[in-house]
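# Pasting a predicted model and its sequence here:
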Amino acid sequence: METYEIIRLIFFGLTACILVVQAGLALKSVKADHERRKKQATFEFVQKIRPAWIEAKHAIEIKWGNDPLTSNELEEIDKDFELLKLVRNLLGLLEHLSVGMNSNVFDKDLLFRMSGSQLINIHKRLRAYIDRVQVSAPAAYIEYSDLVKDFEERKRIKPDTNGNIINS
């Protein structure tokens, strides 16, 4: 092998190494961007549904306080169309949010840090309503219930401090 060929092989080898390193850095950058977008989408969706969330929460608290709903209160909700609409709307939004969380479209760690306790409390508060709906529609609010179970388990084990952007 001549000197020219050796230099050429070294040059191509170094070029290949540089390309591999650059590809790795580009992949890391793409992953970090994906995580940031996922967190941003989570934050924006939560902000979008928060007004309905707060409205329903306050309407229930004003009428019955902070305890889980009783069967008498469920009957009152059934008779009050506006309150029933608020509860159904709230649970529908939380179910959609939960589908995004459970399918990994949104960032579960960020939601846990932002609103985990509130989601658990709303679920406890409306559990009797959810159970009653599931008698006729077993799949109703199942995603929301699964998300709450996950969050309750996280709280039981250790409060989570995840949610930071990885790969940055």
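Yep, it's here. Numbers count the residues shown, from 1 in each chain.
# Report the mean per-residue pLDDT for the biggest helix by length in the chain.
Longest among the helix segments of the chain by residue count, using DSSP state H, is helix 3-64. Confidence for helix 3-64, expressed as mean pLDDT, is 85.
# Output the contacting helices and strands for that helix.
Helix 3-64 makes packing contacts with helix 71-79, helix 81-102, helix 108-136 when contacts are defined by 3 or more Cβ pairs under 8 Å, 6 or more residues apart in numbering; DSSP states H and E. Any C-beta I mention is one placed from the backbone N, CA and C, and that applies to glycine too.
# 6 Å - rerun?
Applying 3 or more Cβ pairs under 6 Å, 6 or more residues apart in numbering; DSSP states H and E, one finds that helix 3-64 makes contact with helix 81-102, helix 108-136.
# mind putting these in a markdown table, mean neighbour count included?
Rendered in a markdown table, the data for the helices and strands packed on helix 3-64 read as follows (neighbours: other Cβ atoms under 10 Å):
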| stretch | mean neighbour count |
| --- | --- |
| helix 81-102 | 18 |
| helix 108-136 | 17 |
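# could you redo the ones you listed as TSV and give each row distance to E152 and mean pLDDT?
Below are the helices and strands packed on helix 3-64 laid out as TSV (distance: least, Cβ to Cβ, whole Å; pLDDT from 0 to 100):
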stretch	distance to E152	mean pLDDT
helix 81-102	14	92
helix 108-136	6	93
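# F12 is nearest to which of the ones you listed?
With Cβ to Cβ as the criterion, F12 lies closest to helix 108-136 of the helices and strands packed on helix 3-64, at 43.8 Å.
# Show which residues not belonging to the very next helix or strand once past that closest one make contact with it.
Of the helices and strands lying after helix 108-136 in sequence (DSSP states H and E), the nearest is helix 142-157. Identification of contacts with helix 142-157 by Cβ atoms under 6 Å, 6 or more residues apart in numbering yields L94, E95, S98, V99, M101, N102, F112, G116, L119, I120, H123, D160.
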